[in-house]
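**Q** The sequence and its predicted three-dimensional model are supplied below.
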Amino acid sequence: MTHERRIAATLLAWYDANARDLPWRTGPDAARAGLRPDPYRVWLSEVMLQQTTVAAVRDRFLRFVERWPDVAALAAAPDAEVMAEWAGLGYYARARNLLACARIVARDLDGQFPRSRAGLQALPGIGPYTAAAIAAIAFDLPECAVDGNVERVVARLFAVAEPLPAARARIGSLAAALVPGDRPGDHTQAMMDLGATICTPRNPDCDACPLRALCGGHARGIAADLPRKAPKAAKPVRRGIAYVGRRADGAWLLERRPARGLLGGMLGWPGTEWTVSPARPAPPARAEWRAVPGEVRHTFTHFHLALSVMVAELPAGANPERGEFIASDHFRPADLPTVMRKVHAHALAGGFEGH
DNA sequence: GATTCGTGGTC
DNA sequence: TGACCAAGAAT
């Protein structure tokens, strides 16, 4: 038996006894009985899990499939409702692409997800990792899905000291050589589970690892230091102003953001650009704007944001130059991205109630 | 290959 | 408390 086969067999045996119970899974027992999970649920979970923790996804996934149980239901949903449901999860291009993908599958593919990696990867929001993961998990095809977990596990198993991202090609071929012809779907999920529960980024629990005796990184005493990564750039601080306006009838002045770019397609407060030194702009409506003491701080992937908040009561017949009024009964802070929710909370904390 | 794109948890 | 990190994709 080759080293690779021994690793795969040991990992699969460990998975049979230790697989995590997750709402989008059917579990190893069902898999061995030939039962596959619903491709719709696999696809949705994989998209939600992109750069997002299982803990954050679990409840959101359940709410989502309760509301839209299949791809046809999702394809028929209004954009604004899907974006609102995604609010707080981040990386909102995922929600836009999710809906675009659902509509293609429902309209052009008879509601069936493609049963090949290439076919899947041709759809919006499905890249190399997600295509391979769906192919393996939903259809049990021998594809190799390489995510952050797999990169870490493989870098340690084979003591790959070259830093990412340069090591990506080598890690990819090492990972592909591990995929067994039998039960490739469970192998994929086993790699994830090992990476998430034992071979963790910090303080890996090598004592509990089924692959410890087969691990090159452990043998060299460097497992916990792998994979090596290039240092990240510092985050600049950007500034801006957000305007929280409320009409006499209680309606809030909000604005749908452009479909592309940061928070694209999401609802938010009108405001300035967010730059290192923003220009002083005109408010979205004529009113007595006053500053709320303090500021809202929020950190995005590549910059810190410090937002000043201005508030104003707007007259009943207000005709704003930007944005749209959302009636008080229809306004839910939970429909906003987190930074916008913080702005609303800051305005309220500053004593603003509107009329 | 390098950038852009969110958020909440963790140490 | 601030930096790091998580089942990446699109450009």
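**A** That came through fine. Numbering: from 1, shown residues only, chains lettered A, B, ... in the order given.

**Q** now do the same end-to-end measure for stretch A:233-242.
**A** 27 Å (CA to CA, to the nearest Å).

**Q** And the contacts of that stretch?
**A** A:268-278, A:281, A:296, A:299, A:302-310, A:340, A:343 (CB atoms under 8 Å, 6 or more residues apart in numbering). Where you see a C-beta, it was placed from the backbone N, CA and C, and this is true even at glycine.

**Q** wait, does it contact DNA strand B?
**A** Yes: judged by CB under 7 Å from any atom of the strand, stretch A:233-242 and DNA strand B are in contact via residue A:233.

**Q** close enough to count as contact, residue A:246 and residue A:314?
**A** Yes: assessed by CB atoms under 8 Å, residue A:246 is found in contact with residue A:314 at 6.5 Å.

**Q** so what sits against both of those two?
**A** Joint contacts of residue A:246 and residue A:314 (CB under 8 Å, 6+ apart) are residue A:253.

**Q** circling back to that earlier point, now restrict the contacts of stretch A:233-242 to buried residues only.
**A** A:268-272, A:274, A:296, A:303, A:305, A:307-310, A:340, A:343 (16 or more other CB atoms under 10 Å).

**Q** from those, which ones fall inside strands?
**A** A:268, A:296, A:305, A:307-310 (DSSP state E).

**Q** any idea how chain A splits into domains?
**A** Per the record, chain A has its domains at A:3-225, A:237-349, by automatic domain parsing.

**Q** Quick check: which of those domains is nearest to residue A:231?
**A** domain A:3-225 (9.5 Å; CB to CB).

**Q** Now do that closest one: distance from first to last residue.
**A** Per CA to CA, the first residue of domain A:3-225 is 23 Å away from its last.

**Q** pLDDT of that domain, averaged?
**A** On average, the pLDDT along domain A:3-225 is 96.

**Q** what separates it from the chain centre, distance-wise?
**A** 13 Å (CA atoms, centre = their mean, to the nearest Å).

**Q** That domain close to DNA strand B?
**A** Yes: between domain A:3-225 and DNA strand B, judged by CB under 7 Å from any atom of the strand, the touching residues are A:51-53, A:55-56, A:88-93, A:165-166, A:168-169, A:202-203.

**Q** Tally up the residues packed near the residue in the stretch 101-250 of chain A that DNA strand C sits nearest to, please.
**A** Using CB to the nearest atom of the strand, residue A:127 is the residue of the stretch 101-250 of chain A that sits closest to DNA strand C, at 2.4 Å. Applying other CB atoms under 10 Å, we find 13 residues neighbouring residue A:127.
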